[in-house]
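A.B. asks: what follows is a predicted protein model with its sequence.
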Amino acid sequence: MECPYCQHTDSRVLESRSTGAGRSIRRRRECLSCKHRFTTYERIEFVPISVIKRNGQSEAFDRSKILRGMVRACEKTSVLPSTLEAIAEEIEAQLQQKPKRSITTAQIGDLVLHRLRQESEVAYVRFASVYRQFQGVDDFIETLSHLQESAEQANLWIQTLGDEENPETSTTSPSMLTPSGK
């Protein structure tokens, strides 16, 4: 590593520590020539992700755009900004792990919707209204009915699990288990 003071290329590492949630390493170094100390950072170099927009144009991925859209959708809800930041980081990490280096805005929108649905139904509907370009009340009704159906299916599934774990409270009687009640 080149010394920023004398440009000598030999230095020794005095201390190393992980920073930025383990995404970079901070190294404290000392130049072997002039004895000045300096700090360097080692980070993973990510291959840029290209986002293909609806109109066909391509642009570099920008995590702040995802975050901005989620913040707008979560205004006046109980979703914390730290949660939104974590969701944005999670989505970016998912995209970085994919071998394909280009992704459509529709795919990104689906990832955001999936995570927002887990946090807040209100935020989910707000984000969906912009992302899916709702044209009228019918679009809202369709999304809300889909949300309601999914919630009912989840409740039924949870109820079924509870019945299996506690056979005494099960609504399924032994006569219902045999074809003719015998």
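C.D. replies: Received it, and whenever you're ready, just let me know what you need.
A.B. asks: pretty sure Arg17 contacts Arg26?
C.D. replies: Yes. Under the contact definition of C-beta atoms under 8 Å, Arg17 touches Arg26, with a separation of 5.3 Å. The way it works is simple: take the backbone N, C-alpha and C, and place the C-beta from them, glycine included.
A.B. asks: give me the more crowded residue out of those two.
C.D. replies: Taking other C-beta atoms under 10 Å, Arg17 and Arg26 do not tie; Arg26 has more neighbours (14 against 9).
A.B. asks: low-confidence ranges in the protein?
C.D. replies: Low-confidence regions of the chain, defined here as pLDDT under 70, cover residues 20-21, 131-134, 140, 147-182.
A.B. asks: quick one, strands of it?
C.D. replies: In chain order, the chain shows strands spanning 11-19, 24-31, 37-43, 50-52, 58-60, 102-104, with DSSP state E as the criterion.
A.B. asks: run through the neighbouring helices and strands of the fourth one.
C.D. replies: Helices and strands touching strand 50-52, by 3 or more C-beta pairs under 8 Å, 6 or more residues apart in numbering; DSSP states H and E, are strand 58-60, strand 102-104, helix 105-119.
A.B. asks: parallel or antiparallel, list what pairs with that strand.
C.D. replies: Paired neighbours of strand 50-52 in the sheet (DSSP bridges): strand 58-60 (antiparallel), strand 102-104 (parallel).
A.B. asks: ranking the ones you listed by burial, who's on top?
C.D. replies: Scoring the strands paired with strand 50-52 by mean neighbour count under mean count of other C-beta atoms under 10 Å gives strand 102-104 as the most buried, with a mean of 14.
A.B. asks: now do that one: everything it contacts.
C.D. replies: Contacts of strand 102-104 from elsewhere in the structure, counted by C-beta atoms under 8 Å, 6 or more residues apart in numbering, are 49-52, 58, 61, 95.
A.B. asks: how far is it from where the chain is centred?
C.D. replies: For strand 102-104, the separation from the chain centroid amounts to 16 Å (computed by C-alpha atoms, centre = their mean, to the nearest Å).
A.B. asks: before we move on, the earlier item: out of the strands of the chain, which gets nearest to Pro81?
C.D. replies: Relative to Pro81, the nearest member of the strands of the chain by C-beta to C-beta is strand 11-19, separated by 21.6 Å.
A.B. asks: what comes into contact with that closest one?
C.D. replies: The set of residues that contact strand 11-19 without belonging to it, under C-beta under 8 Å, 6+ apart, is 1, 3, 24-32, 37-38, 41.
A.B. asks: that one: how far from the chain's middle?
C.D. replies: Relative to the chain's own centre, strand 11-19 is displaced by 31 Å; criterion: C-alpha atoms, centre = their mean.
A.B. asks: now it: buried residues?
C.D. replies: Going by neighbour count (16 or more other C-beta atoms under 10 Å), the buried part of strand 11-19 is Ser11.
A.B. asks: parallel or antiparallel, list what pairs with it.
C.D. replies: With DSSP bridges as the test, strand 11-19 is paired with strand 24-31 (antiparallel).
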